[in-house]
Structures are given as structure tokens and as C-alpha cells.
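> A structural model of the following input is requested.
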Amino acid sequence: MIASESCQVTVFRRKPYIINGDKEYSHIRFIDLPSTRILGFEALFHSFLCTLICIVRRPDIVHIHNIGPGLFIPLLKLSGLKIVMTYHSPNYEHKKWSGLSRFFLKLAEFISIRFSDRVIFVSSYQMEKLGNKAKFVHINNGVTVLPPITTDNYIRSLGLQKYGYVLSVGRFVEEKGFDLLMNAFGKMRLNNIHLLIAGDADHETEYSKKIKELAKTHDIILPGYVKGEKLQEIFSHARLFVLPSYNEGLPISILEAMSYNLPLLVSDIPANKQIALEDHQFFISGSEESLIEKLENQLKYEFKPVMYDLTPYNWDLIADHTKSEYDKITKQVNG
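I've put the predicted structure just below:
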């Protein structure tokens with residue numbers, strides 16, 4: 001909760017992605033906008049519509065998430081609006097984009113950093129990489145700690161048993177490294193331990209098709225996107241959580257796994273290493289040999305919950321910190 005009840009927030013959403021759209025929250029309203037499903041154009045079109053609405057309605061602050069929508073920041077600044085941009089990840093490093101798309105994302109990054117009044121980084125590594133300027137601030141992603149679910153009806157419907165599977169979660173994009181995990185798992189000789197990868201692709205690609213073919217080859221369970229109590233259930237009963245990513249900002253899926261006290265095994269990329277984990281919880285990014293070795297070591301033992309300090313990822317603290325940055329900007333305007 002943001003500290004001051006006088007703060008009114010309007011959230012723009014894309015209609016095709018809205019789930020439970022009838023939910024209501026105090027001091028928050030939603031504007032649901034039509035959207036295309038064209039890869040590379042969808043987010044741009046949505047950001048343009050949001051920009052036009054902001055220019056007309058003139059909020060005190062426009063808060064933009066990630067660099068892509070930053071292309072429209074000059075229009076907002078010409079209208080006299082104050083801008084906060086949260087930098088989640090360097091999208092131009094994602095393999096799905098063409099050379100032209102990478103160029104525009106790099107341009108968007110330059111514009112976002114140059115013209116935003118405040119830039120919030122979820123990754124301290126990325127903030128330092130881009131120069132740690134005076135208007136930069138590091139604020140973590142957060143996690144909501146939910147009680148574990150004792151029922152196991154859903155995992156049983158998938159042919160699984162409690163603590164009898166390794167879990168990974170995410171979109172089927174190359175940066176997540178799921179093919180590496182699947183190939184490694186396929187080479188291991190494990191008794192009664194399965195691999196469950198919850199997720200899918202927003203847009204079907206050659207890579208997402210490859211993942212689905214590998215699942216058939218290695219007998220890996222792909223339930224698709226999992227939400228609500230079903231998601232709680234698969235986190236509650238997993239033996240180990242693995243994230244083999246090549247590129248991240250601050251991965252919320254790791255924080256979610258920590259909130260369920262799961263043992264972790266993640267790639268040793270800088271974004272993951274900023275989370276305070278033990279050395280044995282990292283494997284060498286991109287190395288199938290390292291991943292197999294660490295998987296075998298972790299799975300030798302019976303499941304034992306791991307206690308993590310989630311204080312830095314508390315949403316109330318994060319909201320208060322974000323609100324304090326808003327206050328600094330509005331004081332500059334009023335002063």
C-alpha cells in the first residue's frame with residue numbers, strides 16, 4: 001500500500017491479457033484498452049494510446065514500465081508532464097528481436113534515461129552498468145507471501161506427487177534457457193523425479209515449438225500458464241525450483257519460489273547473483289555440464305525447506321519507497 005491515501009493511481013491494461021478484470025482496489029482505477037496481437041507492434045501501439053490519454057488527462061506523474069514505451073517520453077515532456085520510468089531489463093538483448101527492433105529499443109533506452117525525471121531500476125547491476133546517475137534509484141521487485149496449499153489434487157491430475165518434481169516457471173522465450181534445462185534433465189537418470197515447466201509463449205515462435213517438441217522427447221510436463229490456487233499448489237509441493245535464464249532484470253519467479261521456502265538452483269548471471277543465495281544454488285550460465293552436476297547434488301537429499309530473508313522484497317516497503325520518489329518530483333513541480 002502506498003503510504004498516502006491521497007495518491008490516486010490509474011493503470012492502463014491491454015484487454016487480451018486481463019484476468020479477473022472485475023477486481024476493485026482502493027484508490028486504483030483501470031483503463032482497459034484494445035490491443036493488437038502483432039509481435040513487435042502490440043506494445044508500441046498500446047504505449048501510444050496510453051501516451052495520448054495522458055496528454056489529454058494530464059496526471060501529476062506518468063509512470064512507465066521498461067524502456068520500450070520510452071519512445072513516447074518526448075511527447076509527454078513537451079506536454080509538461082513529469083515522468084518516472086522503471087527499468088526492468090535491457091530488452092534489446094533478447095534474442096527474439098530483429099536488428100531493427102534492437103535499434104529502436106536501444107534508442108528507447110537512451111530517450112528514457114535522458115528525459116525521465118526519475119529512473120527506477122529493479123536490478124542494481126543494471127543501474128551500475130548504466131552509470132548510476134543522480135536521478136537513478138534502485139527499488140527491488142517484490143513478492144506477496146501466500147500460505148502454502150496442502151491439497152494436491154492439481155499436481156496429481158498432472159501425474160505428480162508431492163516433492164516428486166523439479167519446477168521451473170516462465171515464458172517460452174530463448175532468454176529463459178528452458179531448452180538447456182530440458183536437455184540436461186533428459187540426460188540424467190532420476191527415479192520418480194519429473195520436470196514441470198509452467199508457462200507458454202505469448203506468441204508462438206520456433207523456440208516455443210522447440211520447447212514443446214523437447215517435452216515430448218524427454219517426457220517433461222508442460223501444463224501451460226498456471227494461475228491462482230493451481231500455481232500455489234505447484235510451488236507448495238515442488239522438490240526444487242530451477243531458473244536457467246541467460247538474461248533477467250530481477251526475476252519475480254525466484255522471489256516466488258523463495259516465498260515458498262523452496263531450494264533453488266539458478267544461473268549465475270549478474271541479475272540472479274544480486275539475490276543473496278548460497279554458492280551451491282548457482283550453476284554456470286549456459287553450461288549443461290554444470291547444470292547436471294548441481295542438479296544431481298541437490299536431488300541427492302530429501303526435500304528440506306529453506307528459510308530466506310524476504311524483507312528487501314516486501315511490497316509495502318517498495319510502495320513506500322516508490323511514493324517517496326513521487327513526492328520528490330511533485331515537490332520540485334510545486335516548489
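> tell me, how many residues neighbour Ile64?
Here the count is done by other CB atoms under 10 Å, and Ile64 has 23 residues near it. The way it works is simple: take the backbone N, C-alpha and C, and place the C-beta from them, glycine included.
> that should have said Gly159, apologies.
Going by other CB under 10 Å, the residues that sit close to Gly159 add up to 11.
> equivalent analysis for Pro16, please.
The burial count assigned to Pro16 is 11, neighbours taken as other CB under 10 Å.
> go on, Ile155?
Using other CB under 10 Å, Ile155 has 24 other residues around it.
> neighbouring contacts of stretch 99-116?
Taking contacts as CB atoms under 8 Å, 6 or more residues apart in numbering, the residues outside stretch 99-116 that touch it are 40, 64, 67-71, 73-74, 77, 83-85, 87, 90-92, 97, 119, 130, 133, 135.
> among those residues, which lie within strands?
Of the positions in the contacts of stretch 99-116, 64, 83-85, 87, 119 sit in strands, assigned by DSSP state E.
> need the contact list for Pro312.
Pro312 is in contact with Asn140, counting by CB under 8 Å, 6+ apart.
> rewinding a little: quick one: which two of the ones in strands among the contacts of stretch 99-116 are the most distant?
Every pair in those was compared (CB to CB); the two farthest apart turn out to be Ile83 and Tyr87, at 12.5 Å.
> hmm, back to that, turn the ones in strands among the contacts of stretch 99-116 into TSV, including pLDDT and distance to Arg29.
Compiled in TSV, the ones in strands among the contacts of stretch 99-116 are given as follows (pLDDT from 0 to 100; distance: CB to CB, whole Å):
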residue	pLDDT	distance to Arg29
Ile64	96	18
Ile83	97	20
Val84	97	18
Met85	96	22
Tyr87	95	25
Val119	96	26
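> hmm, back to that, quick one: buried ones out of the contacts of stretch 99-116?
Buried positions within the contacts of stretch 99-116, assessed by neighbour count (16 or more other CB atoms under 10 Å), are 64, 67-71, 73, 77, 83-85, 87, 90-92, 97, 119.
> in PDB, list the C-alpha atoms belonging to stretch 120-132.
C-alpha atoms of stretch 120-132 as PDB (Å, rounded to 0.1, in the frame of the first residue of the first chain):
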ATOM      1  CA  ILE A 120      13.900   3.200 -11.000                       C
ATOM      2  CA  PHE A 121      16.000   0.100 -11.500                       C
ATOM      3  CA  VAL A 122      14.800  -3.300 -10.200                       C
ATOM      4  CA  SER A 123      18.400  -4.500 -10.800                       C
ATOM      5  CA  SER A 124      21.300  -2.800  -9.000                       C
ATOM      6  CA  TYR A 125      23.600  -4.400 -11.600                       C
ATOM      7  CA  GLN A 126      21.800  -2.700 -14.500                       C
ATOM      8  CA  MET A 127      21.800   0.600 -12.700                       C
ATOM      9  CA  GLU A 128      25.600   0.500 -12.100                       C
ATOM     10  CA  LYS A 129      26.100  -0.700 -15.700                       C
ATOM     11  CA  LEU A 130      24.400   2.500 -17.000                       C
ATOM     12  CA  GLY A 131      26.400   4.900 -14.900                       C
ATOM     13  CA  ASN A 132      24.500   5.300 -11.600                       C
END
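> tell me the domain boundaries of the protein?
Domain segmentation of the chain under automatic domain parsing yields 9-142+314-334, 153-310.
> by mean pLDDT, show me the worst of these.
Averaged per stretch, pLDDT over the domains of the chain is lowest on domain 9-142+314-334, reaching a mean of 89.
> now what about stretch 23-40, what contacts it?
Contact partners of stretch 23-40, identified using CB under 8 Å, 6+ apart, comprise 2, 5, 7-18, 21, 42, 45-46, 49-50, 53, 96-98, 101, 203.
> just those residues: which are in strands?
Under the assignment DSSP E, those contribute 9-14 to strands.
> how close does Phe103 sit to His203?
If you measure Phe103 against His203 using CB to CB, to the nearest Å, the figure is 21 Å.
> sorry, that was for Ile252
Distance from Ile252 to His203, by CB to CB: 21 Å.
> compare these two (neighbour count), which wins?
Here Ile252 and His203 are set side by side on neighbour count (other CB under 10 Å), and the busier one is Ile252, at 17 against 14.
> contacting residues for that one?
Ile252 makes contact with 141, 143 under the criterion CB under 8 Å, 6+ apart.
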